[in-house]
Every structure is written in structure tokens, then in C-alpha cells.
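> My questions are about this predicted structure, shown below with the sequence.
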Amino acid sequence: MSRIFTSALSLLLVLALSTFAMADNAAKEAKAKVRDLAKNAQMVKLSDKALDGAAEVDLFKAIEDDQIEVGVIQGAMKGGKLFIKNKTDKPLSVRIPKAFGTRPVMGQDMGMGGGNQLMGGNGMGMGGGMGMGGGMMGGFQNIPAEKVTAVKYQSVCLEYGKPEPNANIAYEICPIEECTQKPEVIHLVESLDSVNLRSAQFAAWHMNSGTPVEHLATETVLHANGVRSTNFSRQEVQQGLQLIQMSRAAVAEKIQVETSSSSTGY
């Protein structure tokens, strides 16, 4: 039995090391890709309309069809940069969704920092994270043929208690539904361009992670100068509570409208 048990442990160790090596290689490739994209990128703002004569494509469908190459730098919890390369010989107008997510390429089970993050914003603003999610008002990233453009985004972290993301960790974007299935959280992320980000972070941690508001309101942090203070100010807490109520109310109203329309046959 002991020999069989030892063999099983050895096999599990080999598999774990192999998985880690593959994830590490994927992370290195992702970081190298982003560096290449960043070197040739032109900073732009999202437009509310497509470029004249350009083909309109959806972000994730264009990735699937190999029309674009995408990279992301998640600088911190509050935002980062999204890079898109047009791989075709014609201009593209890439439709950016109102919300998308970012997550570490190696995954949080590999010991990486992060936390899923949501993006949101307007220009526009988006969001990002290790389950970080992102969202924005939506719009077009207009890209000339074979060129690279970049937009800045705003973000909030979805997973309370995870290490803060940084630019040294390789991230990838994903549909927002792969970071959270909670409609009130998605609604919050889509509103990041018009709300206080600290208050939005308070709301996101409560609604997505289930962290009690009492804990978030009283949690303290130790600063470099040795002074300890609450993580969120009283104003940020009050605004965060309002955002929680507003997000839930907006979702409830949407459900009511959809239910009413369904029952009347319209």
C-alpha cells in the first residue's frame, strides 16, 4: 500500500509541476505580447460611433475570428490599459461591451495576486482583475489597418481579501459573466464612469464577495507613517451603501419590466 501511495503522490507532483510550468509559460507569453503591443500603441478614447467605412466587430467575436490581438495591463485595483491590434488590412471599429473582466493568466490557484476585477467607465473607462471584472458605457475603439490602439479603464476588485493586482502579473480579458453572474454587480461596473471608485469598491466587495458591510466599514489599515485608519471613509461607506441600494433597485426594476412585457406578450 505504501508503495502505491508513494507512486500516486509522485504522479500528482509531476502533474502539478507540469501544470504550473504550462501556466508559467502562458503568463510569460502574455506579458511579452503586451509589451510588443504597448511599444506600438497609440492612446485613444472610445467613440460613440463607428469609423466611416470601417467594419463593425464585437470585441470577443473579433478575438475568436482572429481579426484582433488583445492585451491588458492591470496596473492596480483602480484601472489599467486595454490594447487592441488590428490584424487585418482594413480599418476596424471594435465594439467594446459595457462590462468585461480581467483575470491573471496563471489563475489565482497558482499563487498569483489579483482578484477578479470589473471594468467600467467612459473613455471612457473600463474595468479589470484575478476575478477582476470590468465595465464601461460602451463604445467603439476605432483602429486603422494593422495598427495598435490603447484605452485607459477604471476598475474595481471583485474578490475581497485577495492580493492587489499589479503590472508585473500577466492578465487576460474575458466576458464579464466569467467573473460574476450577479446582475447587480454587473450594473455597478457599468456605472463606474459616474460614481466614486472607492465607494464602488465598497459596494462590489459586499455584493460579489458577501463581505458584511459592518466589516468593510470598520476595517482598518496601517499606513507607512505608522498611523492606522479605517480603510473606507465615512462618506465612502455612505455612498457605497447607496450604490448597493441603487444597483439592486435597478436590477429589480429591469426584472419587473421584462416580466410585465412577457405577460402582455410584447
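Sure thing, it's come through.
> what ranges do the strands span in the chain?
Along the chain, the segments classed as strands by DSSP state E run 41-43, 55-58, 68-76, 79-86, 92-96, 99-104, 117-120, 132-135, 139-143, 148-157, 171-175, 220-222, 228-230.
> Throw the ones you listed into JSON lines and include mean neighbour count, thanks.
No exception for glycine: its C-beta is placed from N, CA and C like everyone else's. Conversion of the strands of the chain to JSON lines gives the following (neighbours: other C-beta atoms under 10 Å):
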{"stretch": "strand 41-43", "mean neighbour count": "13"}
{"stretch": "strand 55-58", "mean neighbour count": "16"}
{"stretch": "strand 68-76", "mean neighbour count": "22"}
{"stretch": "strand 79-86", "mean neighbour count": "25"}
{"stretch": "strand 92-96", "mean neighbour count": "23"}
{"stretch": "strand 99-104", "mean neighbour count": "29"}
{"stretch": "strand 117-120", "mean neighbour count": "36"}
{"stretch": "strand 132-135", "mean neighbour count": "36"}
{"stretch": "strand 139-143", "mean neighbour count": "22"}
{"stretch": "strand 148-157", "mean neighbour count": "27"}
{"stretch": "strand 171-175", "mean neighbour count": "21"}
{"stretch": "strand 220-222", "mean neighbour count": "9"}
{"stretch": "strand 228-230", "mean neighbour count": "11"}
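> rank those by mean pLDDT and give me the bottom one.
For those, mean pLDDT drops lowest on strand 117-120, to a mean of 53.
> State the distance from residue 256 to residue 44.
39 Å (C-beta to C-beta, to the nearest Å).
> higher neighbour count, those two?
Set residue 256 next to residue 44 and count neighbours by other C-beta atoms under 10 Å: residue 44 wins out with 15 against 10.
> Identify the residues contacting that one.
Residue 44 makes contact with 141-142, 149-151 under the criterion C-beta atoms under 8 Å, 6 or more residues apart in numbering.
> Now with 10 Å, please.
Contacts for residue 44 (C-beta atoms under 10 Å, 6 or more residues apart in numbering) come out as 84, 123, 141-143, 149-152.
> ditto for residue 217
Counting by C-beta under 10 Å, 6+ apart, residue 217 has contacts 202, 206, 230-234, 236-238, 240-241.
> Now do the phi/psi pair for residue 40.
Main-chain dihedrals, residue 40, degrees, to the nearest 10: phi -110, psi 10.
> beta partners of the spatially closest residue to it that is not a sequence neighbour?
Nearest non-adjacent residue to residue 40, counting by C-beta to C-beta, 6 or more residues apart in numbering: residue 148, 4.8 Å away. For residue 148, the beta-bridge partners under DSSP bridges are residue 41, residue 85.
> Same question for residue 93.
Applying DSSP bridges, one finds that residue 93 bridges with residue 56, residue 142.
> That one contacts residue 50, doesn't it?
Yes: counting by C-beta atoms under 10 Å, residue 50 is a contact partner of residue 93 at 3.6 Å.
> what's the distance between residue 65 and residue 88?
Relative to residue 88, and taking C-beta to C-beta, residue 65 is found at 10 Å.
> who's in contact with residue 41?
Listed by C-beta under 10 Å, 6+ apart, the contact set of residue 41 reads 34, 71, 81-85, 147-151.
> Out of the residues you listed, the closest to residue 218 would be?
The closest of those to residue 218 turns out to be residue 81 (C-beta to C-beta; 34.4 Å).
> any idea how far that closest one is from residue 56?
The spacing between residue 81 and residue 56, counted by C-beta to C-beta, is 23 Å.
> Kindly report the same for residue 200.
From residue 200 across to residue 56, the span is 30 Å (C-beta to C-beta).
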